[in-house]
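Peer 1: here is my input; please provide its structure:
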Amino acid sequence: MTQASGSSEHPRAEPADATRELRSLTAAAEKRLLLWLAARMPARVNSDHLTALGLLAMMAAGTFYWLSRRSPWLLHIVNLSLVLNWFGDSLDGTLARHRNRSRPRYGFYVDHMVDAYGALCLVGGLGLSGLMSPGMAVAVLIAYYLLNIHIYLAAYSVGVFKIAYGRLGGTELRILLVILNLAALRQPWFSVSGARHRIFDVCGAVAVAGITAALLVATVRTARTLAERERLPG
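Peer 2: Predicted structure coming up:
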């Protein structure tokens, strides 16, 4: 097994060397803002500090989601935490590149492990908040992790690191969460034909269905691409 996985007849890109592909709705404006912020960041602040801030902010968001079960106004603190998470998580790589201090493999590994832990904290807190059922929270997490497994495997085997799907990336998802939090402050439930549904459960179901469909299509396309690249003679 080790020998087979270590040898290769065809060159494969390392994830850290893969071409980044970001085509989200806010990508262009966000890039300009991040470059502006990176140029003005104090010298004593480095990318590791920003990565830590992003993780702590996501942990705070999950904690305040949980506490909002009894104090709904804490959803405002969740929104603030999401903004801080965007600041740390989005700016860390830009700052490293701006200062010519990039560590591609270290950054790739740490950044995405932090994202995985952050997602667990965020969605776990949401599942404990009463705004989303625990079962739906588990489904969202599974779908998220499966999509990320595909993204990382595709980055390694195809050489393209796709950051957004369907024009939606991390920034757009944070914006949607902020909007949903503000809506939930007014009315976390709605009725259809006399049946009550949580707003977050409905949105979670849509998210799981969308991720599942995108993942199935991406899996087939990636497999076809690899099959063409490694077509056997005869």
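
Peer 1: and the helix or strand harbouring Leu153, what other elements does it pack with?
Peer 2: According to DSSP states H and E, Leu153 maps onto helix 134-157. With contacts defined as 3 or more CB pairs under 8 Å, 6 or more residues apart in numbering; DSSP states H and E, the packing partners of helix 134-157 are helix 104-129, strand 160-162, helix 199-229. For glycine as for every other residue, the C-beta is placed from the backbone atoms N, C-alpha and C.

Peer 1: phi, psi for the nearest residue to Phe200 once chain neighbours are set aside please.
Peer 2: Nearest residue to Phe200, sequence neighbours excluded (CB to CB, 6 or more residues apart in numbering): Met132, at 3.9 Å. Main-chain torsions, Met132, degrees, to the nearest 10: phi -130, psi 140.

Peer 1: can you report how many residues lie near Met132?
Peer 2: Neighbour count of Met132, defined by other CB atoms under 10 Å: 26.

Peer 1: if I look at it, how far off is Leu122?
Peer 2: According to CB to CB, to the nearest Å, Met132 stands 11 Å off from Leu122.

Peer 1: likewise Met136?
Peer 2: Distance from Met136 to Leu122, by CB to CB: 14 Å.

Peer 1: so for the two, which residue has more residues nearby?
Peer 2: More neighbours surround Leu122 than the other of Met136 and Leu122, with 28 against 21 (other CB under 10 Å).

Peer 1: that one and Val140, how far apart?
Peer 2: Using CB to CB, we find Leu122 at a distance of 10 Å from Val140.

Peer 1: again, but for Thr26
Peer 2: Thr26 sits 22 Å away from Val140, going by CB to CB.

Peer 1: need the helices and strands packed on helix 134-157 in CSV with mean pLDDT and distance to Trp189, can you?
Peer 2: Compiled in CSV, the helices and strands packed on helix 134-157 are given as follows (pLDDT from 0 to 100; distance: least, CB to CB, whole Å):
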stretch, mean pLDDT, distance to Trp189
helix 104-129, 92, 13
strand 160-162, 71, 35
helix 199-229, 91, 7
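
Peer 1: with distance to Arg186 added, can I get those in a markdown table?
Peer 2: Conversion of those to a markdown table gives the following (distance: least, CB to CB, whole Å):
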| stretch | distance to Arg186 |
| --- | --- |
| helix 104-129 | 16 |
| strand 160-162 | 35 |
| helix 199-229 | 10 |
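
Peer 1: okay, the spatially most central residue of the chain: pLDDT?
Peer 2: Against the mean C-alpha coordinate of the chain, by CA atoms, centre = their mean, the closest residue is Gly170 at 4.9 Å. Gly170 carries a pLDDT value of 82.

Peer 1: from memory it sits against Asp89, does it?
Peer 2: Yes. Counting by CB atoms under 8 Å, Gly170 does reach Asp89; the two are 7.0 Å apart.

Peer 1: okay, and for this protein, where does confidence drop off?
Peer 2: For the chain, the stretches with pLDDT under 70 are 1-23, 162-167, 234.

Peer 1: and for the nearest residue to Thr212 once chain neighbours are set aside, the neighbour number?
Peer 2: Once flanking residues are discounted, Thr212 sits nearest to Ala143: 6.2 Å by CB to CB, 6+ apart. As a burial measure, Ala143 scores 19 neighbours (other CB under 10 Å).
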